[in-house]
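Enquirer: Let me see the structure of the following:
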Amino acid sequence: MINTPVRWYEAHPERWQREVEAMTGVAPKLAWRDELEDTTGGGWVGTAPDWPFERDRPPDLDAFLGGGTFSLEVRCSPAHPAAIPGVHPIDPVPDLYVRTNQAWHVMGDGSLCLLQSALDWTGRELAAELIVKAAGWYLEFLLLQAERIEAMTVAGIATDDQLDHHFTATAGPTGGRSNG
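Expert: Okay, the predicted model is just below:
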């Protein structure tokens with residue numbers, strides 16, 4: 001008899017339901033997949049929200065974004081929720097320069113560095129909380145790429161409005177370094 005591994009979402013259906021409900025609330029354009037290319041723990045794929053923060057959206061944000069969106073993949077490991085999910089940009093994909101320069105908050109494997117410390121993930125958090133941080137990463141990525149800022153903030157813009165004034169129609173995410 002062959003033993004089939006039990007997936008974390010099968011072993012913990014209540015947790016999976018909480019994860020799905022939270023993700024739907026934060027990022028309705030992300031869809032669950034039982035398996036992704038690099039993990040058997042499942043995850044979400046799709047477009048991140050452009051402003052999932054609890055403060056007012058800058059009035060010129062749409063003009064700044066120029067119709068661009070941020071596509072990503074949230075990869076849960078088989079050890080989820082004990083292990084933090086990996087958040088991997090799909091579009092734009094950070095190039096080698098971005099992945100090897102600390103200013104961009106991207107790991108060498110291309111996943112986003114969204115926490116100050118590994119201890120910031122206890123397993124009680126939901127993957128949807130990372131989407132808010134990832135959306136902030138994307139906006140800072142655009143500002144850094146357009147050379148409007150010199151480095152990403154330490155805390156991120158999810159809870160800090162210090163960069164909001166940069167999201168103007170004239171700022172635009174054009175120029176700067178190529179992202180891949």
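Enquirer: quick one: contacts for Ile149?
Expert: 140, 143, 163, 166 (C-beta atoms under 8 Å, 6 or more residues apart in numbering). From N, CA and C alone the C-beta is placed, and that goes for glycine too.
Enquirer: quick one: which of those residues sit in helices?
Expert: Within those, residues falling in helices by DSSP state H are 140, 143.
Enquirer: ok, of the contacts of Ile149, which one's closest to Gly41?
Expert: Glu140 (27.5 Å; C-beta to C-beta).
Enquirer: ok, the closest one - contacts?
Expert: 105, 149, 152-153, 156-157, 163.
Enquirer: What about those, which one has the most neighbours?
Expert: Ile157 (25 neighbours; other C-beta atoms under 10 Å).
Enquirer: Would you confirm that it contacts Leu139?
Expert: Yes. Using C-beta atoms under 8 Å, Ile157 is in contact with Leu139, at 6.1 Å.
Enquirer: any residues in contact with both of the two?
Expert: Common neighbours of Ile157 and Leu139 (C-beta under 8 Å, 6+ apart) are Leu163.
Enquirer: Not including adjacent chain positions, what is the nearest residue to the most centrally placed residue in the chain?
Expert: In the chain, the residue lying closest to the centroid (C-alpha atoms, centre = their mean) is Ala134, at 2.6 Å. Leaving out its chain neighbours, the residue that sits closest to Ala134 by C-beta to C-beta, 6 or more residues apart in numbering is Val87, at 5.0 Å.
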